[in-house]
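Enquirer: Sequence first, predicted coordinates after that:
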Amino acid sequence: MQNYVFVIDTNKQPLNPISPKKARRLLDKGKAAVFRMYPFTIILKTAINDPTISPCQIKIDPGSKFTGFALVQNDQVIWGMELEHRGGLIKKKLEARSAVRRGRRNRHTRYRKPRFLNRKRPEGWLSPSLEHRVLTIKTWVKRLIKFCPVSEIWVERVKFDTQKMQNPEISGIEYQQGELAGYEVREYLLEKWGRECAYCGKQNIPLQIEHIHPKSKSGSDRVSNLCLACEKCNQRKGNRPIEEFLKKKPSLLQKIKNKALSPLRDAAAVNMTRNKVVKVLKKILPVVTGTGAMTKYNRTRLGLSKKHWVDAACVGNIETLVVRTSQPLLVVCFGQGGRQKAALNKYGYPTRHNPLKPIKGWATGDIAKHQKIGIGKVTPRSKGSFGFTPLGTKGYKSCKPQDISVIHRKDGYTYSFC
């Protein structure tokens with residue numbers, strides 16, 4: 001089952017989404033035309049008097065790396081999307097730029113004070129990698145409102161007490177800073193270990209919290225000493241040290257040890273952005289918040305699979321839910337590209353000039369239709385023919401600009417389906 005199709009009238013006002021079958025009929029009969037490819041939207045060619053509108057709810061499950069979106073209309077999930085953020089890429093590029101800048105300062109040139117000494121961060125400031133998550137969610141909410149009649153936004157506002165995870169005995173003034181927030185260690189472990197048994201890798205089975213270093217041998221309850229295991233593996237391991245249990249699997253042993261000591265980066269990212277996401281969305285539409293425990297309860301009670309867009313549909317207090325789609329839109333954020341006029345080497349010296357954009361009306365990443373090859377992504381060149389990569393393949397072909405027609409302009413995202 002595919003996502004429902006967005007419909008707008010002749011005045012570009014949103015109407016009720018319709019099934020792909022109805023949309024195909026309208027297109028075949030010439031009563032509508034394609035307005036946008038991602039998300040797929042059609043525009044009617046004739047006006048409709050007093051259309052009946054059923055409002056939808058945008059449901060959001062924010063995460064550190066992935067955010068799930070779902071549109072629910074009359075307790076029916078009609079559209080889903082999973083958005084992959086690029087916070088890690090932003091952090092990496094800022095670190096590279098900072099390294100080049102420090103290198104320039106350390107050469108035999110005049111001394112220049114670091115600029116951060118005379119800068120003051122505004123109240124509510126977030127790092128660029130975290131601010132990106134908030135702004136991307138806001139962008140997609142505004143985009144969906146243009147194509148679908150939305151009455152309110154439901155957001156999961158999950159809370160992780162990272163200090164409590166590290167030290168379960170912490171209390172009172174030991175927190176030093178910040179208020180005491182509720183925590184869900186099991187939910188964190190499910191995300192950290194990928195919802196699979198750490199020892200055998202089985203999925204979609206009941207998992208138990210397992211102490212890597214046995215608790216009977218002075219093992220702590222810190223989250224760095226916890227993992228997930230199926231009942232069979234948990235009983236087989238018993239109270240043996242993990243080195244003894246996995247002595248015949250040294251690679252798996254090293255993998256578990258490395259993963260167990262991974263920092264609480266994802267939980268911290270969710271904690272830092274959860275309030276700002278709600279604050280930003282409240283300026284657009286009324287917002288209803290829900291907890292992570294309620295989301296999991298709804299998903300388990302309804303027997304739904306664990307996916308980001310399904311979690312989004314289960315946000316809040318719901319009685320029933322009918323899933324009308326099983327093929328969500330997968331969106332990966334890559335950004336609009338750099339604005340440097342020259343490419344630099346690792347020492348900070350220019351190696352070549354970047355061409356001005358767009359080139360002959362095209363930008364890298366535009367999706368176009370070729371007369372013979374089909375649909376693919378365009379790589380324009382200043383001289384000669386363009387590069388053309390058919391969707392779903394890694395093949396690279398050449399084409400003439402006059403042989404392609406635009407389908408979807410580059411907007412900083414790449415799109416695919418499950």
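Expert: Perfect, I can see it now. Numbering: from 1, shown residues only.
Enquirer: Please make it C-alpha for all contacts and neighbour counts, starting now.
Expert: OK.
Enquirer: Any stretches of this structure with poor pLDDT?
Expert: Across the chain, the ranges flagged by pLDDT under 70 are 105, 112, 114-118, 159-184, 261-264.
Enquirer: can you pull the contacts of residue 346?
Expert: By C-alpha atoms under 8 Å, 6 or more residues apart in numbering, the residues touching residue 346 are residue 100.
Enquirer: Quick check: the gap between residue 388 and residue 366.
Expert: Distance of residue 388 to residue 366, computed by C-alpha to C-alpha, to the nearest Å: 10 Å.
Enquirer: For those two, indicate the residue with more neighbours.
Expert: Counted by other C-alpha atoms under 10 Å, residue 388 and residue 366 do not tie: residue 388 has more neighbours, with 26 against 19.
Enquirer: and that one, what helix or strand is that in?
Expert: strand 386-390 (DSSP states H and E).
Enquirer: Report the backbone C-alpha coordinates of that strand in CSV.
Expert: Presented in CSV, the C-alpha positions along strand 386-390 are these (Å, rounded to 0.1, in the frame of the first residue of the first chain):
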residue,chain,number,x,y,z
PHE,A,386,25.7,16.7,-18.7
GLY,A,387,26.1,13.7,-16.4
PHE,A,388,22.9,11.6,-15.9
THR,A,389,22.5,8.9,-13.3
PRO,A,390,19.2,6.8,-13.6
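Enquirer: Packing partners of the helix or strand that comes right after it?
Expert: Going down the chain from strand 386-390, the next helix or strand is strand 397-399, by DSSP H and E. The elements that strand 397-399 packs onto, with contact taken as 3 or more C-alpha pairs under 8 Å, 6 or more residues apart in numbering; DSSP states H and E, are strand 386-390.
Enquirer: Figure out how far the strand it packs on is from the centre of its chain.
Expert: Centroid separation between strand 386-390 and its chain, computed with C-alpha atoms, centre = their mean, to the nearest Å, is 27 Å.
Enquirer: before we move on, the earlier item: quickly run through the sheet partners of the strand holding residue 388, with directions.
Expert: Strand 386-390 has the following strand partners under DSSP bridges: strand 374-379 (antiparallel), strand 397-399 (antiparallel).
Enquirer: And the strands in the stretch 1-150 of the chain?
Expert: For the stretch 1-150 of the chain, applying DSSP state E, counting those that start in this stretch gives strands covering 6-8, 32-36, 41-44, 56-61, 66-73, 76-84, 150-156.
Enquirer: Could you give me the buried positions within the last one?
Expert: In terms of neighbour count (16 or more other C-alpha atoms under 10 Å), strand 150-156 has its buried residues at 150, 152-156.
Enquirer: coming back round to it: overlap of the contact sets of residue 388 and residue 366?
Expert: Joint contacts of residue 388 and residue 366 (C-alpha under 8 Å, 6+ apart) are 377-379.
Enquirer: May I have the beta-bridge partners of residue 72?
Expert: Note on residue 72: beta-bridge partners by DSSP bridges are residue 57, residue 77.
Enquirer: For the protein, which segments count as helices?
Expert: Assigned by DSSP state H, the chain shows helices spanning 20-28, 87-105, 128-147, 162-166, 185-192, 231-237, 242-245, 250-260, 265-282, 292-302, 308-313.
Enquirer: Okay, buried residues for stretch 233-248 please.
Expert: Judged by neighbour count using 16+ other C-alpha under 10 Å, the buried positions of stretch 233-248 are 233-234, 237, 239, 241-242, 246.
Enquirer: got the CA positions of that stretch in CSV?
Expert: Extracted in CSV, the C-alpha atoms of stretch 233-248 (Å, rounded to 0.1, in the frame of the first residue of the first chain):
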residue,chain,number,x,y,z
CYS,A,233,21.3,-16.2,25.5
ASN,A,234,20.6,-14.7,28.9
GLN,A,235,20.2,-18.1,30.5
ARG,A,236,23.2,-19.5,28.6
LYS,A,237,25.4,-16.7,29.8
GLY,A,238,24.2,-16.9,33.4
ASN,A,239,26.6,-15.2,35.8
ARG,A,240,29.7,-15.9,33.7
PRO,A,241,31.9,-13.0,32.7
ILE,A,242,31.5,-12.0,29.1
GLU,A,243,35.1,-12.8,28.3
GLU,A,244,34.4,-16.4,29.3
PHE,A,245,31.1,-16.6,27.5
LEU,A,246,32.4,-15.3,24.2
LYS,A,247,36.0,-16.6,24.3
LYS,A,248,35.4,-18.4,21.0
